[in-house]
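[1] my questions concern the predicted model and sequence given below.
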Amino acid sequence: MKVVYITNARLPTEKAHGIQIIKMCEAFSELGFDVNVIHPWRYQSNKYHRTNVEDFYNLKYKISISKIPFFDVYLIRRFLPVFLFRIFSFNFAVLWGIISLIIAKTKNPNICIMRDNTPFSYWFFQKFGMKTILEFHDLPPKLSLKVFKSAIKTSSSLFAVTENLARDLEKALDLPHEIINVLHDGLDLETFKENIREDYEKLGVTYCGSLLPDKGIDTLLQASEMLPHLKFTIIGGHPSEIESYKKKWENLNLENVNFLGFKNPKFIPKYLKMSDLLILPSTAKTKKSSLYTSAMKLFEYLGAGKAIIASDIPSVREVLKHAETGYLIKPDDHEELAISIDKVLKDNDLKTLLENNAKKLSMKYSWVERTKNMLEKSKIFY
């Protein structure tokens, strides 16, 4: 069977959505599908433009990549007023919807898959009778919701990464209750099988992921100052983001914090396994963070088999159970975070329990299992 994945993302990308897209495609390939990813040409920084998708994401199963010549509207964003940029973006989004349909039809796929940031592709695919699976990773803006609403049928294969996102989407799209299936994100179990040498230097208390404001980095940095005897490692982010945090908190003593910056996804399992404790300090101040985000790093944390301290927010509670598979704490509270880090590191029985249970739970969230669930709920048999 043939699968076509439609995305408007630049590939490869340092963003988590790129990992999710490619790893899902690889899972389909592992299950025996012929997989083709169709995406537009997008400007790549010098850091990424010479890297191919296969090497960047350390693929073990074959997927085909179709990079379509296309104008990248973001190249002119800084030169345009906001309203004009939105007009350009709208027109190019519609154009990509048409082009992606034309290219996909030449592949003669049995299944098409896309995410919530390609509403016009979805509209055209539905109108032309293409079997399409749609994944929601956030609540789309109003215009996108209108486009989706006009194309979605009650028989459509629809998925959301959290329970709250699924239910809010049903309300926004006027859909029957529980018609949108919940599928959390996943991880590549194979990448966590390699043992770490004993002589590797430990990274201490580690955060890995984006440095966007809703990720709770401010809370983590404030907590680190309360624990000067511990080593903290932050993996991820652009140099400008790192400098911004250092400048913002220059009044703190951050000598025990090491910012490693962005690391290639294939090296992340090693860094996580070199850590003593993994932190997910997501904020509760935004709906996206507290209700809608299925943080991919959470599942990678599980795969590393390390104790996890995470914010006690609804999206995390869908996966972790307090004091069993993770240690959940009040979000946006650096004092409680510091106290909890100290507690877990000193309580060896608790730490070992969290580590063992995290590893067991990770088996449930492999990309292959996620793909099988998607196919089953879409009533696709292969």
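    Okay, I see it.
[2] domain boundaries for this structure, per the record?
    Using automatic domain parsing, the domain ranges for the chain come out as 2-186+366-377, 190-364.
[3] now tabulate those domains in CSV and tack on mean neighbour count and mean pLDDT.
    All C-beta atoms are positioned from the backbone trio N, CA, C, and that covers glycine. Below are the domains of the chain laid out as CSV (neighbours: other C-beta atoms under 10 Å; pLDDT from 0 to 100):
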stretch, mean neighbour count, mean pLDDT
domain 2-186+366-377, 17, 93
domain 190-364, 18, 95
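[4] for stretch 311-330, list the C-alpha coordinates in CSV.
    What follows is stretch 311-330, C-alpha atoms only, in CSV (Å, rounded to 0.1, in the frame of the first residue of the first chain):
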residue,chain,number,x,y,z
SER,A,311,4.5,20.1,35.7
ASP,A,312,1.2,18.8,37.0
ILE,A,313,-0.9,20.0,34.0
PRO,A,314,-3.7,18.2,32.2
SER,A,315,-1.7,17.3,29.1
VAL,A,316,1.0,15.7,31.2
ARG,A,317,-1.5,13.9,33.4
GLU,A,318,-2.8,12.1,30.4
VAL,A,319,0.5,10.2,30.3
LEU,A,320,2.1,10.3,33.7
LYS,A,321,0.8,9.2,37.1
HIS,A,322,2.3,11.1,40.1
ALA,A,323,4.9,9.2,42.1
GLU,A,324,4.6,6.2,39.8
THR,A,325,5.7,7.1,36.3
GLY,A,326,6.7,10.6,37.1
TYR,A,327,6.9,13.2,39.9
LEU,A,328,4.3,15.9,39.2
ILE,A,329,4.6,19.3,40.7
LYS,A,330,2.8,22.6,40.8
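[5] can you name the residues in contact with that stretch?
    162-164, 182, 184, 216, 280-284, 289-295, 298-299, 302, 307-310, 331-332, 336-337, 340, 343-344, 350, 353-354, 357-358, 361, 365 (C-beta atoms under 8 Å, 6 or more residues apart in numbering).
[6] so how far is that stretch from its chain's centroid?
    18 Å (C-alpha atoms, centre = their mean, to the nearest Å).
[7] do stretch 148-165 as well
    19 Å.
[8] how long is that stretch from one end to the other?
    15 Å (C-alpha to C-alpha, to the nearest Å).
[9] quick one: residues contacting the closest residue to residue 104 other than its chain neighbours.
    Spatial nearest neighbour of residue 104, chain neighbours left out: residue 4 (4.9 Å); criterion: C-beta to C-beta, 6 or more residues apart in numbering. Shown in contact with residue 4 (C-beta under 8 Å, 6+ apart): 35-38, 104, 107, 109, 111-113.
[10] how about 10 Å then?
    25, 34-38, 64, 66, 100, 103-114, 125, 130, 132 (C-beta atoms under 10 Å, 6 or more residues apart in numbering).
[11] narrow the residues you listed to those in strands?
    34-38, 64, 66, 111-114, 132 (DSSP state E).
[12] state which helix of this protein is the longest.
    helix 82-107 (DSSP state H).
[13] show me where the stretch 101-250 of the chain has its strands.
    111-115, 132-136, 157-160, 181-182, 204-208, 232-235 (DSSP state E, counting those that start in this stretch).
[14] report all helices and strands that the last one contacts.
    Contact partners of strand 232-235 among helices and strands, from 3 or more C-beta pairs under 10 Å, 6 or more residues apart in numbering; DSSP states H and E: strand 204-208, helix 217-225, strand 257-261, helix 268-273, strand 275-280.
[15] what of the second one?
    Helices and strands touching strand 132-136, by 3+ C-beta pairs under 10 Å, 6+ apart, are strand 2-6, helix 16-30, strand 111-115, helix 119-127, helix 142-151, strand 157-160, helix 163-172, helix 367-377.
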